[in-house]
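# Here you go, sequence then predicted model.
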Amino acid sequence: MDKLHNGQELSSGVSPRKHSRIIILGVVCVSIGWLALIAVFSWSRMPRSADDYRKRGSQYLKEKRFKDAVSDLSKALQLIPKHDEVNIFACYMGRGVAYLELGDNQTAIADATKAIDLRPQDAADVYAVRATAYSRLGKHQEAFDDWSERLHSLPGDHVALCKRSLAACALGKYEVALSDARQALKADPSDPELVYQYGYVFFHQGEYDSAIREFSKAIEMKPRYADAYFARATAYFRLKRFTEADADKEKAAQLNPAFANKALIEEGQTAPYVWE
């Protein structure tokens, strides 16, 4: 059998080494062919128009690729005709969201403002973006005004009510804050964060027993709610109930190590930890 095999191999006139080279060359050619196909396919998917960039930028937003979203939406804005108000609005809104997620609050405000100026009638979501950026910068009056604009378009929106309540607290508008917090809670009484917010308003007013009651309800709904434990610890501390305060602070630190080195009452602090 070996002789027959060797005879066949000799009769073919191809040595084993040359045969291997032919195989390798074939593999390389196939690989080059596939790479060429991939390149053609990738080129065919490259954005070629403003709409392509806008759509891909929007997809990047969904995928939380915020830097890529900023890049594509910026390119779209360069290409969109000036009369195409709807798509310009969409790009400024989307890019504002991306900047907000990247922590660039000033630029987020600038883009949101451009979108609002273009189409104020469609800007309920954009007001939320700008209000959030204002809040992060400590511009509570501006945040309050923008949440109010959103509520004008979407009455009863419990998220906007809750956020405006936070802004109202910071501005010392406690009656508005309490009213907003109550309305938000009515919309979804099973949401522990809304219960927490209700307690936060009581804390701001110095009604620490009422605050503790609401924080405790939030903890019952969400047993691993570190923010609520820390907030309740702060309220206990204000009432000089130090044993309970220490126990709650320890529990908060167990659930979220960020609370381990956070003082219950820091210099200039008037309220417990606030969720955003």
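Nice, thanks for sending it over. Just so you know, these numbers come straight off a predicted model, no measurement behind them.
# any idea of the mean pLDDT for stretch 207-215?
Here stretch 207-215 scores 97 as its mean pLDDT.
# do stretch 253-267 as well
Averaged across stretch 253-267, the pLDDT comes to 82.
# got the contact list for it?
Applying CB atoms under 8 Å, 6 or more residues apart in numbering, the external contacts of stretch 253-267 come out as 224-227, 229-230, 233-234, 237-238, 245, 249, 252, 273. Yep, even glycine has a C-beta here, placed from its N, CA and C like the rest.
# which among the residues you listed gets closest to residue 161?
Nearest to residue 161 among those is residue 227, at 19.0 Å by CB to CB.
# Dump the contacts of stretch 253-267 into a markdown table; add neighbour count, distance to residue 176 and secondary structure as well.
Conversion of these to a markdown table gives the following (neighbours: other CB atoms under 10 Å; distance: CB to CB, whole Å; DSSP: H, G, I helix; E, B strand; the rest coil):
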| residue | neighbour count | distance to residue 176 | secondary structure |
| --- | --- | --- | --- |
| 224 | 11 | 31 | coil |
| 225 | 24 | 26 | coil |
| 226 | 19 | 28 | helix |
| 227 | 23 | 23 | helix |
| 229 | 27 | 28 | helix |
| 230 | 25 | 25 | helix |
| 233 | 29 | 27 | helix |
| 234 | 27 | 23 | helix |
| 237 | 20 | 27 | helix |
| 238 | 17 | 23 | helix |
| 245 | 21 | 29 | helix |
| 249 | 22 | 31 | helix |
| 252 | 26 | 29 | helix |
| 273 | 21 | 22 | coil |
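# got the contact list for residue 58?
Residue 58 is in contact with 69, 73, 90, 94, counting by CB under 8 Å, 6+ apart.
# got a pLDDT number for the spatially most central residue of the chain?
With the centre of the chain defined as its mean C-alpha position, the nearest residue by CA atoms, centre = their mean is residue 101, 5.5 Å away. Note on residue 101: pLDDT of 97.
# That one contacts residue 65, doesn't it?
No: the pair residue 101 / residue 65 is not scored as a contact, 10.2 Å apart, by CB atoms under 8 Å.
# thinking again about what came up before, residues contacting the residue nearest to the centre of the chain?
Going by CB under 8 Å, 6+ apart, the list of residues near residue 101 reads 64, 66.
# do that again at 10 Å, thanks
61, 64, 66-67, 69-70, 108, 129 (CB atoms under 10 Å, 6 or more residues apart in numbering).
# Low-confidence bits of this structure, can you list those?
Residues of the chain meeting the criterion pLDDT under 70: 1-47, 265-276.
# All the helices of it, in order from the start?
Listed in chain order, the helices of the chain (DSSP state H) span 2-12, 16-45, 50-62, 66-79, 85-101, 105-118, 124-136, 140-153, 158-171, 174-187, 192-204, 208-221, 226-238, 242-255.
# Let me have those in a markdown table, extended by distance to residue 262.
Listed next are these as a markdown table, based on distance: least, CB to CB, whole Å:
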| stretch | distance to residue 262 |
| --- | --- |
| helix 2-12 | 79 |
| helix 16-45 | 48 |
| helix 50-62 | 33 |
| helix 66-79 | 28 |
| helix 85-101 | 25 |
| helix 105-118 | 23 |
| helix 124-136 | 19 |
| helix 140-153 | 22 |
| helix 158-171 | 19 |
| helix 174-187 | 24 |
| helix 192-204 | 16 |
| helix 208-221 | 16 |
| helix 226-238 | 7 |
| helix 242-255 | 8 |
